[in-house]
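A.B. asks: Structure for this input, please:
(one chain, ligands or ions: 2)
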Amino acid sequence: MSTLMKNTIVAKPLTKADFAPYGTVIEPYDKDEQTPENSYHINKGYACRHHAIAEAKLDGGNVGMSIFRAKKRDFPIRLSVMEYHPFGTQAFFSMNAQDYVVVVAPAGTPPQSADDLTVFYAKSHQGVQYDANVWHHPLLALGHDSDFLVIDRINSEGKNCYELDIDGWQVQIELAPE
Ligand SMILES: NC(=O)N[C@@H](O)C(=O)O
Ligand code: NI
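C.D. replies: Ligands and ions are numbered 1, 2, ... in the order given. You can find the predicted model right below:
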């Protein structure tokens, strides 16, 4: 029986609709989302291209691909910082079939308390892309130390990462019971 601290947020399943205010969930189009323009066979039928699920958006600079060799987070996961990137989107994909946790708050006014945060449980097959300026916690990898492909703005002028220390909020994450 987990005793929920006063500042405990339970992670909810990551869905495209619930994540839409913060960015894009990158997973294949659902059957009812598919159109001839966005899902079509290529490579002599050996692949189906789910086209342009998300678009990396930048204000100057280039799109870069990096790998985060992430250390797993131990429970209870304690949130420490929220940040945003004004000059571009940032996308994450698990490279080792590892689930992870996404913590977000709307772009703009800095979050003031745990009540302003939304926590999602991301399955390993789901990528996420944060829109520019969306507040998010740095990567929270679960299970094992693992690699994540990160697509974001590089070779760029200007400070592209603003942080807000929330360690003092003593917020911890619980995963919804199975
Ligand atoms: N700082 C950095 O490269 N990573 C963060 O932006 C993050 O969202 O993990
Ligand atoms: Ni970031």
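A.B. asks: contacting residues for the residue lying closest to residue 167 once chain neighbours are set aside?
C.D. replies: Using C-beta to C-beta, 6 or more residues apart in numbering and skipping the chain neighbours, the partner closest in space to residue 167 is residue 80 (4.6 Å). From N, CA and C alone the C-beta is placed, and that goes for glycine too. Going by C-beta atoms under 8 Å, 6 or more residues apart in numbering, residue 80 touches 137, 165, 166, 167.
A.B. asks: Give me the distance between residue 80 and residue 106.
C.D. replies: 20 Å (C-beta to C-beta, to the nearest Å).
A.B. asks: Kindly report the residues of the protein close to ligand 1.
C.D. replies: Within the chain, the residues that sit near ligand 1 (C-beta under 6 Å from any ligand atom) are 83, 90, 136, 138, 139, 161.
A.B. asks: Does the last one touch residue 85 like I think?
C.D. replies: Yes - look at residue 161 against residue 85 with C-beta atoms under 8 Å: they come within range, at 5.7 Å.
A.B. asks: could you point out where the chain is predicted with low confidence?
C.D. replies: Residue ranges of the chain with pLDDT under 70: 1-6, 177-178.
A.B. asks: What's the nearest residue in it when you look at ligand 1?
C.D. replies: Across the chain, the shortest distance to ligand 1 (C-beta to the nearest ligand atom) belongs to residue 138, at 3.7 Å.
A.B. asks: mind listing what the residue nearest in space to the middle of the chain touches?
C.D. replies: In the chain, the centroid-proximal residue (C-alpha atoms, centre = their mean) is residue 128; its distance is 4.2 Å. For residue 128, the contact set (C-beta under 8 Å, 6+ apart) comprises 14, 19, 23, 24, 25, 26, 91, 92, 102, 122.
A.B. asks: now swap in residue 164 and tell me
C.D. replies: Residues near residue 164 by C-beta under 8 Å, 6+ apart: 81, 82, 83, 110, 111, 135.
A.B. asks: again, 10 Å this time
C.D. replies: Applying C-beta atoms under 10 Å, 6 or more residues apart in numbering to residue 164 gives the contacts 81, 82, 83, 84, 105, 110, 111, 112, 135.
A.B. asks: The fifth one is in contact with residue 9, isn't it?
C.D. replies: No - with contact defined as C-beta atoms under 10 Å, residue 105 does not reach residue 9; the gap is 11.5 Å.
A.B. asks: Can you work out which residues contact both of those two?
C.D. replies: Taking C-beta under 10 Å, 6+ apart as the criterion, residue 105 and residue 9 both touch 115, 117, 118.
A.B. asks: follow-up on the earlier one: where does the residue nearest to the centre of the chain land in three-state SS?
C.D. replies: strand (DSSP: H, G, I helix; E, B strand; the rest coil).
A.B. asks: what bridges to it?
C.D. replies: On the basis of DSSP bridges, residue 128 is bridged to residue 25, residue 92.
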